[in-house]
Each structure stands twice: as C-alpha cells, then as structure tokens.
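Novice: Got a predicted model here, sequence first, then my questions.
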Number of protein chains: 2
Amino acid sequence: MARTTRSAPTLSDVARHAGVSLATASRAINGSETRTVGEELRRRVIDSAQSLGYAPNANAQAMARGATRTIGVVVHDLTDPYFAEIADGIATAATEHKLFLTLATTGNKIEALGDMVTALDSMRVRAIILVGARWNDPDLHRGLHTSIEQYVRRGGRVVALGMDFPGVDCVHIDNEAGASALAEALVGRGYRRPLLLAGPERHSTAAARAAGFAARMAELGHPIPPTHRIGSDFTRTGGTIGMRLAIEAGLDYDVVVATSDVMALGALHEASRSGVQIPTDVGLTGFGDVSTLIDVRPSLSTVHVPTRQLARLGLDLALHGPGDGTGSVTVEAIPVLRDSTPPRMGA
Amino acid sequence: MARTTRSAPTLSDVARHAGVSLATASRAINGSETRTVGEELRRRVIDSAQSLGYAPNANAQAMARGATRTIGVVVHDLTDPYFAEIADGIATAATEHKLFLTLATTGNKIEALGDMVTALDSMRVRAIILVGARWNDPDLHRGLHTSIEQYVRRGGRVVALGMDFPGVDCVHIDNEAGASALAEALVGRGYRRPLLLAGPERHSTAAARAAGFAARMAELGHPIPPTHRIGSDFTRTGGTIGMRLAIEAGLDYDVVVATSDVMALGALHEASRSGVQIPTDVGLTGFGDVSTLIDVRPSLSTVHVPTRQLARLGLDLALHGPGDGTGSVTVEAIPVLRDSTPPRMGA
DNA sequence: TTGTACGCGTTATCAA
DNA sequence: TTGATAACGCGTACAA
C-alpha cells in the first residue's frame, strides 16, 4: 500500500491527482485572499492531498510569498533558568500566533552573536529576538552591529529583551529602579552594611543593578565602600567565588546582595560551606525571581522580573513594533522579600 | 551612503556588480564540489557581496539543494530544567555541526505533537528530535504516528529522546535499571517502607521508574502495598498533591520516592509545610539529577540521567543513524545518594 | 470560478 | 575555468 517514494509529493502531484490546475490546488489548500474555490473541487483537492500525504514545502512558500512564518531567537544559555523561562514564554506566544521559532544559543562565545544574526538573516526569519545582556565592550559586539544593520535594511525587525541596543526596539527591564527599591526594602528591614556581588563591570544588566542599588544605599546614608563591592562572573560560580573572596577577606556585612539569582545561589552554597549561616548571620538577596528556585531554603529574597510579560511584549514588538527603536517599552522589576532577609534588630 | 533598499540584494545583483555570471558568483560564494573559481574573479565576487550587503537566501538554497541545514526539536516545556538541559545540549551540539534548530514546545497540548511534526516536515528540516515521554494513550498519539510516518517516507529522520517509539531510533534512558539500583541503595541505607509518588500510570517514563523501583523492592523483601503508591501529575504540583494525600491519609513510610526531581521538590515543599521533617523524619529521592537543583537543601538524592550525553547521542543518531529504529541506544541512569536520604538505624 | 504563465533566488547540468 | 539555462515548489497577476 504505502508508497515508498523517496521524495515528497508536490502540489503539482496533488493537482494532477485531483484533475485540477496547479493554481486551483494552491488556492484550495492554502487559501487565497482574493480567489475562492468551488466546494466540489475543493474537496477533491483536499482528498488528493490527504491520500498522497502531501505536505506543503515551506521553503518554496517562503520564496513565493517572500516571507517566512518563523522568528529567530538568540539566547545565551538555556541551562540558566532565567533564559529558559523567557525562551519558553516566547515559544508559547509564538505558537499562539502560528509562528515557529528557530533558536540559537551563544554559549560562551558572545562574539558569535553577529554570526547568528547573519544566519537567521539568511533564513529570512520574520524577526529576530535577542535575549540577554549587552557587554560594554566595543570589540565584542563589533560584528553584531553590522549584522543587525544589514538585516534591518532589508526590512528585518530586531527586538532586544533585557538589553539596550541603539536603533532597535527593546523591552527594557527597569533594573535600576528595582535595585533601588530593593535597597530601600532592605534598609527598611534593618540592613545597613551590604556586600555587593556586582558581577562584571561591563555587563550591562549587572552594572545597572549594582548601580541602582549602590546609588540608593548612598542616598539612604549607607554608602557602599569599594571593598564591599566585588566583581565576578554573572554565574553561579561567580557567586561562589565572590562570596569566598569576601569571607577570606574577613569583611563585615549584614546582607549579601547578588545581581542575579544564580549568583545568589552560588553565594549561598559557599556561605554554607564556610559555616556562614544564612539568614541567621547574614541576609541574602538575588535578582530575577526565577521560578525554578522556589524550593531553595531559606526562600530567596529577590527582585521579580516578569519574564512571561517580557516574552510576550517582545514578540508583540517583533511583529508589530515600529522596528526603529522608538517602540521600546520598559517592564518593572519589583522587590519581593522572603526568608533570606528577615528583619534585623537594632541599627 | 547606506542604501535604503527595501528588499535584499540577490546573487544576481552580486554577479552583475562583479561583472560575472550568476553561476560563477554562486560558486565563488557558496563553493561547489566539482567546480572551482579563479582567484581573481573569486575576490571580485566576494568584494561585491560584501559591499552590497549580500546574505544568501537560505530558503532558495534549500529549494535548489533539496535540503536544509536545520533540525527540528520538540520538547514539552522549557521551564522544566530537565527539558531545558536537553534542549541546551542539542543546541550546542547543533552549533558545532553548523546546524540550526527550530524548536517547538507542546506545553499542555500533547495532542498537538503530531501537528508540530507536520509543521517541521513542511519546513523540510533535516531531522526531528522528539524529547520527552510517551503517553500510553492510543488517542493522544494517533495523529503523531501518521505524521511521523509521512515524514519518514520522504526520507526524514526522526529520533526520540527518553521515549520509546516503534520504528524510530531512540536514545533510551534505562529508567528501570536506575530505579532498581536506587531501591537497592535505599535498602542499603536502611530504608524499608517507601512511599512511591509514581506519577501518571500512562506516562511511560514515570511508569518505567515506578515499576523498576517497585519490582526491586519486592525482590528485596519489601513489597510496596497499593496504599503506598500514589499516582499524580508528573510535575511539581503533582508532587505536592501526592505528598499531601499521603500525609492526610496518615500513612507510615520512611522515605518518599518521587519519579522525577521536580515532583520531589513539590513533595519537599508540602512536607515542610505540614511539619514533616526531611530528612529527619523521612527520606526523599527524585529522579533525573537536574543541575539546577544543586542548591536545594537537603541536597537531593536522585538518579542521575546524563542529559548532555543524551542530547549528543540524539543529534548523532538524527544525523547518521539508520533511521528505522534499529539504531536505538540506551544510556544508563545511576543513583546518587545525598543528604536527603541519610543512613537509617535499625530495621 | 478556473486555468496559464511568470517569478521568487539558488544550485546543478551541460556546453563552451 | 566560465557561462547559459533548466530545474526546485509554490503564489499570484492576468486572462478566460
């Protein structure tokens, strides 16, 4: 029964099988704005397609129509729950729009970002969504800018999530305000001497969070001395290392403020390894509020970033935004205090 | 300077600009197996491409070549760290092969799986990797089978990761053996009366793990009574609910054995909420050993599943496997006991 | 409502 | 080594 054809049946095959013209078959199967097909023929065509096991060739359609139904997404690392949540959000939103996702991960090679954009450009994806942070390093993103520029010039749309990028629509996370609010909240609970695990200086997100926090602390009369501001990787290991440095240096602090949740986890790990009790001895906060960490004990105080909303806004912008950078929006980041930062007595 | 062309320059444009034929331009840029291009012209063409901002149209290439450089991946939910790890593994492996990934998530609608396969089929992806579990429900996968069959008939390759699927190459996880070994290890630490959070009966993975565990426990002289085997969703919430049921029923047990890590987390949450101390009162185990959970306290005893290897094998199989189901391989799942199951005294 | 014929951007076959 | 030219599978003006 089952034909063991090695190559796919085409629309012509279907048309022939149904005894209609190619055009009619096309209209019957994929519909048409202007034309309509008689019920009789329509059925015949659909039946033929069914029995031949016809599946339209999306590449051919893309050529003929001049547009694909896929959007490109570039994330750093799906292993990081923060990115995973966003990617998942975009994927779900895309499915609702009957769009598909081609996804690329940069991993360690941020400098490959430009090449990924170019590749997605080649695929003529409807839009490209860049997720992550920007490195304030001119060299690192040199290729990226020209890649984006070329893509945009042909009418491509680029959206950046959680990173500011001149000339493209961004969904900005208000990291400064969130960190600032966190500072207030912590002071409100009696914390005075934070240890800031600031992450890499050139990492735009980490920098914004660190800056927002430090600024507000200073305003509140508790400036953070340089000694209490440690730069390390924006990863769990970075948190571990930062914490270790602080402990080895014998610093004095009442709360560890990490610029990301996973960094906070690393710090938590190192603290418990070194006999520093959290939250008894010192408090701990993260940033991001990734849902996977809901089971960490003590429950982690952090700043909530609405990844779901971020993803949805991003896709909307990618589809309907102006595409020239004027469509940028900002989502709020709101502190949420949990058990890792219990109220402190005294001053 | 920058032309504000609205549509992309084509290879013809490049050829004209370089003063060569279309064929030569093609060979110069994308190379050719059989032909080679003179250095002089080659340079001219490449320069022209550069200055015009030419990016090859992958869709057109796919048509002409009859093959794409992308592979399709279908996962259930990127929010689940287990899937995220696998997806990330596939993505990195794909990048090494200069392949791209188009990714689809089924979310709640497992019945949509067939449609996703068909869609990926339309895109003429090189191969499709299905990640997840199979539901032993004939209706649920009805469409899926025919979708796969059609795709395979045209020469498409399908690989299943962590799920057995007749007729396609699988990377099988030896859940039974892993669960069996876990049973032994637990008994070795003095546990005798497990509470099995078995997950859904029809969920192939959950079922295999539950079966493997129960069988070995019985062999070791500690059969699990039906009362101590609770079926609930294969999610964190499922773990929470299962645990609650057990507590409400006032069951007696010395270790909670969940069929997945996230279920174990749910159970942990409910236990602490209800005043059941883990691991003091009872032990707890999961399954999967997802790396994100490294910071859960007490550290979770579980069964390690090598997701990285799973992903790599999967892609290899997708690219070079026989594609008829005879290429299936199995990866081991090995118990790793941590603090959530300390040795128990006495019987 | 249906059919004819051209174009989408590329690769590959065949001559030159 | 280079250049015409025919596919590849489909959408869609245009004509009937």
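Specialist: Arrived safely, thanks for sending. Numbering: from 1, shown residues only, chains lettered A, B, ... in the order given.
Novice: what residue ranges in the stretch 151-300 of chain A score low on pLDDT?
Specialist: By pLDDT under 70, the stretch 151-300 of chain A has no low-scoring segment.
Novice: mind running it again at 90?
Specialist: Applying pLDDT under 90 to the stretch 151-300 of chain A flags the ranges A:154, A:164-167, A:292-293, A:295, A:297.
Novice: what about the strands in it?
Specialist: A:157-161, A:169-173, A:194-197, A:229-230, A:255-258, A:283-285 (DSSP state E, counting those that start in this stretch).
Novice: what's the most buried one of these?
Specialist: Using mean count of other Cβ atoms under 10 Å in any protein chain shown, the stretch among those with the largest mean neighbour count is strand A:255-258, at a mean of 30. Every C-beta, even on glycine, is put in place using the N, C-alpha and C of the backbone.
Novice: Check which helices and strands that strand sits against.
Specialist: In terms of contacts (3 or more Cβ pairs under 8 Å, 6 or more residues apart in numbering or on different chains; DSSP states H and E), strand A:255-258 is packed against helix A:175-188, strand A:194-197, helix A:236-248, helix A:261-273, strand A:283-285.
Novice: Please spell out which residues along the helix or strand following the last one are buried.
Specialist: Helices and strands here follow DSSP states H and E; after strand A:283-285, the next one along the chain is strand A:302-304. When neighbours are counted by 16 or more other Cβ atoms under 10 Å in any protein chain shown, the buried residues of strand A:302-304 are found to be A:302, A:303.
Novice: now what about strand A:302-304, what contacts it?
Specialist: With Cβ atoms under 8 Å, 6 or more residues apart in numbering or on different chains as the test, strand A:302-304 has contacts from A:178-179, A:181-182, A:209, A:261, A:264, A:285-289, A:333-336, A:338.
Novice: Check which helices and strands whatever helix or strand comes next after it sits against.
Specialist: Following strand A:302-304 in sequence order, the next helix or strand is helix A:307-320 (DSSP H and E). Here helix A:307-320 touches helix A:81-96, strand A:127-131, strand A:157-161, strand A:169-173, strand A:329-331, going by 3+ Cβ pairs under 8 Å, 6+ apart.
Novice: 10 Å instead, please
Specialist: Counting contacts by 3 or more Cβ pairs under 10 Å, 6 or more residues apart in numbering or on different chains; DSSP states H and E, helix A:307-320 is packed against strand A:70-75, helix A:81-96, strand A:127-131, strand A:157-161, strand A:169-173, strand A:329-331.
Novice: Counting neighbours, what do you get for the closest residue to residue A:69 other than its chain neighbours?
Specialist: Among residues not flanking residue A:69 along the chain, residue A:99 sits closest, at 5.5 Å (Cβ to Cβ, 6 or more residues apart in numbering or on different chains). For residue A:99, the count of nearby residues is 20 (other Cβ atoms under 10 Å in any protein chain shown).
Novice: Would you quantify the distance from residue A:99 to chain B?
Specialist: For residue A:99, the distance to chain B (Cβ to the nearest Cβ, to the nearest Å) stands at 10 Å.
Novice: how about the residues of the stretch 51-200 of chain A near DNA strand D?
Specialist: A:54, A:56, A:57, A:60, A:61, A:63, A:64, A:65 (Cβ under 7 Å from any atom of the strand).
Novice: Buried ones among these?
Specialist: Among these, those classed as buried by 16+ other Cβ under 10 Å are A:54, A:56, A:57, A:60, A:61, A:63.
Novice: Residues of chain A that sit close to DNA strand C?
Specialist: Checking chain A against DNA strand C by Cβ under 7 Å from any atom of the strand, the hits are A:20-24, A:27, A:35-38, A:40-42, A:60, A:63-64, A:66.
Novice: Check the gap between the closest residue to residue A:187 other than its chain neighbours and chain B for me.
Specialist: Spatially, and ignoring its direct neighbours in sequence, residue A:187 is nearest to residue A:220 (5.2 Å; Cβ to Cβ, 6+ apart). Using Cβ to the nearest Cβ, residue A:220 is found at 30 Å from chain B.
Novice: pretty sure residue A:220 is touching residue A:181, no?
Specialist: No: counting by Cβ atoms under 10 Å, residue A:220 stays clear of residue A:181, with 11.8 Å between them.
Novice: Could you restrict the residues of chain A next to DNA strand C to the ones contacting chain B?
Specialist: Restricting these to those adjacent to chain B (criterion: Cβ under 10 Å from any Cβ of the partner chain) gives A:60, A:63, A:64, A:66.
Novice: mind listing what the second one touches?
Specialist: Contacts here follow Cβ atoms under 10 Å, 6 or more residues apart in numbering or on different chains; on that basis residue A:63 touches A:57, A:124, B:57, B:59, B:60, B:62, B:63.
Novice: Make sure it is indeed in a helix.
Specialist: Yes: residue state for residue A:63 (DSSP: H, G, I helix; E, B strand; the rest coil) corresponds to a helix.
Novice: Might one say that residue A:186 is in contact with residue A:222?
Specialist: Yes: the criterion here is Cβ under 10 Å, and residue A:186 meets it with residue A:222 at 9.5 Å.
Novice: list the contacts for the most centrally placed residue in chain A?
Specialist: For chain A, residue A:131 is the residue whose C-alpha lies nearest the centre (Cα atoms, centre = their mean; 3.7 Å). The neighbourhood of residue A:131, defined by Cβ under 10 Å, 6+ apart, consists of A:73-76, A:82-83, A:86-87, A:90, A:103, A:106, A:159-163, A:171, A:307, A:310-311, A:314.
Novice: what pairs with it across the strands?
Specialist: Taking DSSP bridges as the rule, residue A:131 bridges to residue A:161.
Novice: who are the neighbours in contact with the residue lying closest to residue A:265 once chain neighbours are set aside?
Specialist: Closest residue to residue A:265 apart from its sequence neighbours, by Cβ to Cβ, 6+ apart: residue B:295 at 4.5 Å. Contacts for residue B:295 (Cβ under 10 Å, 6+ apart) come out as A:236, A:262, A:264-266, A:268-269, A:272, A:293, A:295-297, A:300.
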